[in-house]
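Peer 1: Have a look at this fold, sequence not included:
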């Protein structure tokens with residue numbers, strides 16, 4: 001229904017006063033409207049109404065501002081309390097995002113930080129427990145043999161066996177200490193690498209000569225397969241040599257005697273240089289393959305600290321490469337992929353190691 005609007009008896013003249021309030025992302029504007037008459041006698045009354053309206057609007061604004069300030073202060077205190085708990089080592093208490101209002105993005109970031117700190121704390125505890133176990137085993141073994149040598153009079157053959165076993169335990173301790181040092185340098189970003197052109201075929205031949213006697217003692221046949229042309233990768237020569245040693249040691253340790261092992265160096269079609277260590281052992285179960293590169297993880301009871309493959313894959317990542325596994329029944333292959341280098345590439349100067357993204 002339409003209705004006609006009639007002008008007021010004041011001739012349609014009005015006076016306006018407005019108060020604006022900004023509360024975070026919300027803007028509130030209070031408008032007070034007063035009709036103004038034509039007579040001068042009503043001017044004082046109009047002024048009074050404007051002042052009263054302004055005071056009322058200011059009072060309302062102060063009340064709302066005080067309320068939001070109280071809520072914000074409460075949310076900040078909640079964040080402070082949660083931060084103190086995290087500082088004390090308690091990573092279980094999270095902040096409900098819906099309860100902190102405009103601080104919700106901060107709460108989400110805080111909860112994510114808390115989750116990551118909890119994961120790091122669990123990894124640290126597991127690392128200490130595993131390292132302690134790996135150190136304790138050879139130390140106890142050495143202590144037992146020392147007591148036997150002190151308290152008994154073994155025969156020359158028994159003494160020789162004791163000395164051989166003690167030497168093995170010392171080598172195990174030395175390798176574990178070296179692995180732990182490498183891990184600490186990797187985690188701290190303190191390992192320095194020198195990028196240059198590396199012939200993977202040349203390193204494969206060196207490794208075959210080094211591990212030949214051990215493979216022969218293991219009853220295994222170590223084959224070398226390299227291309228006629230150099231297989232050049234852009235990487236650190238010493239770290240690539242370390243990775244090859246880890247892969248060959250892993251193949252000889254975790255396969256039965258007489259297993260055929262091969263080292264292959266070639267170039268792929270994706271401008272990547274590859275070095276493959278394969279064996280014809282029993283294969284690795286699928287459930288083990290998903291965790292085989294984790295620190296201190298061992299898929300069988302063959303021994304070892306479970307650090308070698310973890311170190312190898314982190315070294316590869318820091319050279320812009322990677323290590324992959326392919327395994328089936330009667331076959332396992334670990335492939336080291338590295339960026340391919342040009343034949344004329346000159347070695348780059350040494351640079352500090354930067355941690356690769358996860």
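Peer 2: Perfect, thanks for sending it. This one's a predicted model, so the numbers in the text were calculated from it and none came from an experiment.
Peer 1: so what secondary structure elements neighbour the helix or strand hosting residue 208?
Peer 2: Assigned by DSSP states H and E, residue 208 belongs to helix 200-217. Counting contacts by 3 or more C-beta pairs under 8 Å, 6 or more residues apart in numbering; DSSP states H and E, helix 200-217 packs against strand 222-226, helix 237-253, strand 261-267, strand 272-279. C-beta: built from backbone N, CA, C; applies to glycine.
Peer 1: Poorly predicted segments of the stretch 101-250 of the chain, please.
Peer 2: Along the stretch 101-250 of the chain, the parts satisfying pLDDT under 70 run over 101-103.
Peer 1: thinking again about what came up before, tell me which of the helices and strands packed on helix 200-217 approaches residue 65 most closely.
Peer 2: Closest to residue 65 of the helices and strands packed on helix 200-217 is helix 237-253 (C-beta to C-beta; 61.4 Å).
Peer 1: Can you pull the domain assignment for the protein?
Peer 2: 14-87, 105-188, 193-343 (automatic domain parsing).
Peer 1: follow-up on the earlier one: adding distance to residue 47 and mean neighbour count, write the helices and strands packed on helix 200-217 out as a markdown table.
Peer 2: A markdown table is the format used below for these (distance: least, C-beta to C-beta, whole Å; neighbours: other C-beta atoms under 10 Å):
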| stretch | distance to residue 47 | mean neighbour count |
| --- | --- | --- |
| strand 222-226 | 100 | 17 |
| helix 237-253 | 85 | 20 |
| strand 261-267 | 91 | 20 |
| strand 272-279 | 84 | 23 |
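Peer 1: Tell me which of those sits nearest to residue 79.
Peer 2: Closest to residue 79 of the helices and strands packed on helix 200-217 is helix 237-253 (C-beta to C-beta; 43.6 Å).
Peer 1: Break down the protein into its strands, ranges please.
Peer 2: Along the chain, the segments classed as strands by DSSP state E run 14-23, 26-35, 192-193, 196-199, 222-226, 232-235, 261-267, 272-279, 322-328, 331-339, 351-352.
Peer 1: Where among those is average confidence lowest?
Peer 2: Looking at those, the lowest mean pLDDT belongs to strand 351-352 (a mean of 45).
Peer 1: ok so, going back, mind checking which of the domains of the chain is nearest residue 94?
Peer 2: Closest approach to residue 94 among the domains of the chain is made by domain 105-188 (5.0 Å; C-beta to C-beta).
Peer 1: start to end distance for that closest one?
Peer 2: End-to-end distance for domain 105-188, by C-alpha to C-alpha, to the nearest Å: 30 Å.
Peer 1: Hmm, residue 331 is touching residue 284, no?
Peer 2: No - assessed by C-beta atoms under 8 Å, residue 331 is found out of contact with residue 284, at 9.9 Å.
Peer 1: So the two - more neighbours on which side?
Peer 2: Neighbours per residue, other C-beta atoms under 10 Å: of residue 331 and residue 284, the larger number sits with residue 284, 19 against 14.
Peer 1: Spell out which residues sit in contact with the more buried one, please.
Peer 2: Applying C-beta atoms under 8 Å, 6 or more residues apart in numbering to residue 284 gives the contacts 292, 299, 325, 327, 332.
Peer 1: Looking at it now. What's its pLDDT?
Peer 2: The per-residue pLDDT of residue 284 was computed as 88.
Peer 1: do you know how far it is from residue 298?
Peer 2: 12 Å (C-beta to C-beta, to the nearest Å).
Peer 1: now swap in residue 253 and tell me
Peer 2: Residue 253 sits 10 Å away from residue 298, going by C-beta to C-beta.
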